[in-house]
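**Student:** Prediction below, plus the sequence it came from.
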Amino acid sequence: MTGITELTVRYPDVEAVATMRKNLKFPNAYKSDIVAKEKLHLGYARMFQMLSANPQIDVQIFPDLESANKWIGATG
């Protein structure tokens, strides 16, 4: 979300992507992190997080890349 400067995405767009992910079956569970620094980005990130409730996907939102990488287990 950090690179977004203008948002033309609306609720139906977020809902469509979230619904698609919600109904997918994966071979393994995984983590998905979203970095949202601005209030608008945070709002969309939370909307996406709530709508894409798939038990195989752990979606978390972070204010910065460092926190997101720490949670996801990235090194370097």
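**Tutor:** Done, it's in. Numbers count the residues shown, from 1 in each chain.

**Student:** how near is the residue positioned nearest the centre of the chain to residue 28?
**Tutor:** Nearest to the mean C-alpha position of the chain, by CA atoms, centre = their mean, lies residue 34 at 4.3 Å. Per CB to CB, to the nearest Å, residue 34 is found 20 Å from residue 28. From N, CA and C alone the C-beta is placed, and that goes for glycine too.

**Student:** Then residue 43?
**Tutor:** On the measure of CB to CB, residue 43 and residue 28 end up 30 Å apart.

**Student:** and what of residue 40?
**Tutor:** Counting by CB to CB, the gap from residue 40 to residue 28 is 32 Å.

**Student:** Hmm, residue 36 and residue 42 touching each other?
**Tutor:** Yes: with contact defined as CB atoms under 8 Å, residue 42 reaches residue 36; the gap is 4.4 Å.

**Student:** Between these two, which contacts overlap?
**Tutor:** residue 61 (CB atoms under 8 Å, 6 or more residues apart in numbering).

**Student:** neighbour-wise, which of those two wins?
**Tutor:** residue 36 (22 against 15; other CB atoms under 10 Å).

**Student:** Show me which positions of stretch 25-34 end up buried.
**Tutor:** Within stretch 25-34, the residues that count as buried by 16 or more other CB atoms under 10 Å are 33, 34.
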